[in-house]
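J.: Sharing a model that was predicted from the sequence below.
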Amino acid sequence: MARATEIRKGNVLIIDGDLWVVAEYKHHTPGNLRAIINMKCKSLSTGSWKHIRAGSSESYDVAYLEKRKAQYLYKNEGTGDYVFMDQGTYDQYELDHDLVGDQMPYVKENDEVQLTFHGEKAISLDLPPSVNLTITESEPAAKGNTVSNIFKRAVVETGLEIKVPLHIDVGELVKISTETGEFMGRAKE
C-alpha cells in the first residue's frame, strides 16, 4: 500500500483487481485546503483511461512488476497476439495486439526485447529509445537533389513507413526513434 502522495508517474496500481499505469500525476494544494492528487491512469488489460481524484490520505495498492528479457517469435495469426519466448526457461508468452500493436513495427522476428511481468503474466513491452532497421522500399533519389530538408517516403523491414532524406536508399541501415517514429540518421552495425 502506498499513500496517494507517494505515487509517481509510471507506477502501476491495482484498482478493482485490474492493473492501471499512472500516465499523469498532479499534486495540487489550493490555499489552506487539503492536498488533491489528480491521476490519469490507463488500464493494462483493456487500454481504457480513468481519471482519479484522490485526497492525500487515500492509499492504493502498487503492483510489484518484474522485467525480463525475451525473444520475439511471431504474430499468432489466429488471435492477432504477439508471441515471445523467455530465453532461459523457453516459456512462451502472448501479448495482446491492442496493448502492444503500435510498438511492434519497431521489432523484428528474433529480436531480444524486455517484457514487464506482473506475477507470471506478461503485461507490457519496453522498447529502447531507438532501433536500427533496414530500408526495404524507397523512392529513388533524383540526381542533383541535395537539399537537406526534403524528405521522401521509405518502408523498413518491419513494414513501418517513415520519412527519410533524399540521399537514403534501399538496403541502408537507419536509426529510428521508437517514441516519435522519426528518422534519426544512418546507423552503424
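T.: Okay, I see it.

J.: mind checking how far Ala25 is from Ser48?
T.: Residue 25: Tyr, not Ala. Computed with CB to CB, to the nearest Å, the distance linking Tyr25 and Ser48 is 18 Å. From N, CA and C alone the C-beta is placed, and that goes for glycine too.

J.: Mind checking which of those two has more residues around it?
T.: Between Tyr25 and Ser48, Tyr25 has the larger neighbour count (other CB atoms under 10 Å), namely 17 against 10.

J.: can you pull the contacts of the residue nearest to Pro165 when sequence neighbours are not counted?
T.: Nearest non-adjacent residue to Pro165, counting by CB to CB, 6 or more residues apart in numbering: Phe151, 6.0 Å away. Contact analysis of Phe151 by CB atoms under 8 Å, 6 or more residues apart in numbering lists 163-166, 183.

J.: farthest pair in those?
T.: Leu166 and Phe183 (11.7 Å; CB to CB).

J.: Tell me how this protein divides into domains.
T.: 2-62, 66-126, 130-186 (automatic domain parsing).

J.: Tabulate those domains in TSV, adding columns for mean pLDDT.
T.: Shown next, in TSV, are these (pLDDT from 0 to 100):
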stretch	mean pLDDT
domain 2-62	86
domain 66-126	89
domain 130-186	87
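
J.: which residues in the chain form helices?
T.: Listed in chain order, the helices of the chain (DSSP state H) span 97-100.

J.: before we move on, the earlier item: most neighbours among the contacts of Phe151, which one is it?
T.: Neighbour counts for those, by other CB under 10 Å, peak at Val164, which reaches 23 neighbours.

J.: Specify the beta-bridge partners of Thr116.
T.: For Thr116, the beta-bridge partners under DSSP bridges are Lys67, Ser124.

J.: which residues does it contact?
T.: Residues in contact with Thr116 (CB under 8 Å, 6+ apart) are 65-67, 122-126.

J.: same thing with Leu13?
T.: Applying CB under 8 Å, 6+ apart to Leu13 gives the contacts 7, 19-22, 41, 60-63.

J.: ChimeraX command for the buried members of those residues?
T.: Buried members of these, defined by 16 or more other CB atoms under 10 Å, are picked up in ChimeraX with:
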select :7,19,20,21,22,41,60,62,63
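
J.: That'll do, ta.
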